[in-house]
Every structure is written in structure tokens, then in C-alpha cells.
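Asks: got a predicted model here, sequence first, then my questions.
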Amino acid sequence: MTAPPPLGSLEERRQAARAQVEDLEAGLERLEGELGSARAVLEHRAVAVEELAEVLALSSPRIVARLPRTSWT
């Protein structure tokens with residue numbers, strides 16, 4: 001039994017590494033899309049909480065005084 005030629009083996013490893021890089025790049029693009037969507041949802045919810053706090057402040061200042069203070073209000 002003979003060993004495969006070194007250049008052939010190197011080419012196979014290069015192709016395998018290229019395929020892995022392409023898979024990782026595709027996964028990265030998917031994650032970036034999910035992150036963008038999650039950030040949009042977070043921003044929407046932060047705005048909703050701020051609006052709710054404003055409405056509550058107008059209708060019942062005593063309720064607002066008992067609300068916890070957070071970084072997004």
C-alpha cells in the first residue's frame with residue numbers, strides 16, 4: 001500500500017478548509033440577520049415600556065413611583 005501524494009493530500013485539505021469557511025460564513029450571515037431582528041424587537045419593546053410609563057405617570061403618579069428604575073426608561 002502506498003501513501004497518497006503529498007500535493008494531492010494538501011489540495012484535499014485546502015478544499016475541505018474552503019468548504020468549512022463557506023459554511024461558517026453562511027452561518028455568520030444567518031446569525032447577523034437574527035441579531036438584527038432581535039435588536040429591532042428589543043428597541044420596539046423599550047419604546048413600548050417608555051410609552052407605558054408615560055401613560056401611567058399621567059394617570060397615576062403613585063404607581064410610577066413604585067416601578068423599578070431600569071436602564072431603558
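Replies: Here it is on my side, so go on.
Asks: okay, now the unreliable bits of the chain?
Replies: Confidence mapping of the chain against pLDDT under 70 gives the ranges 1-4, 7, 61, 63-64, 70-73.
Asks: now with 90, please.
Replies: 1-9, 52-73 (pLDDT under 90).
Asks: how far out from the middle of the chain is stretch 16-35?
Replies: From the chain centre to the centre of stretch 16-35 is a distance of 14 Å (CA atoms, centre = their mean, to the nearest Å).
Asks: what's in contact with it?
Replies: With CB atoms under 8 Å, 6 or more residues apart in numbering as the test, stretch 16-35 has no contacts from any other residue. Heads up, the C-betas are built off the backbone N, CA and C, glycines and all.
Asks: what about the longest helix in this protein?
Replies: Ranked by residue count and defined by DSSP state H, the top helix of the chain is helix 6-59.
Asks: that helix: how far from the chain's middle?
Replies: The answer for helix 6-59 is 4 Å, by CA atoms, centre = their mean.
Asks: cool, and stretch 58-67?
Replies: For stretch 58-67, the distance to the chain centre is 34 Å (CA atoms, centre = their mean).
Asks: gap between the two ends of it?
Replies: End-to-end distance of stretch 58-67 (CA to CA, to the nearest Å): 14 Å.
Asks: just stretch 59-68 next, same as before
Replies: 18 Å.
Asks: quick one: distance of it to the chain centre.
Replies: So, by CA atoms, centre = their mean, the centroid of stretch 59-68 is 33 Å from its chain's centroid.
Asks: give me the neighbour count for V49.
Replies: 14 (other CB atoms under 10 Å).
Asks: likewise the one 4 residues further on?
Replies: Burial of A53 is recorded as 16 neighbouring residues (other CB under 10 Å).
Asks: you'd agree it is up against A65?
Replies: No - using CB atoms under 8 Å, A53 makes no contact with A65, being 11.2 Å away.
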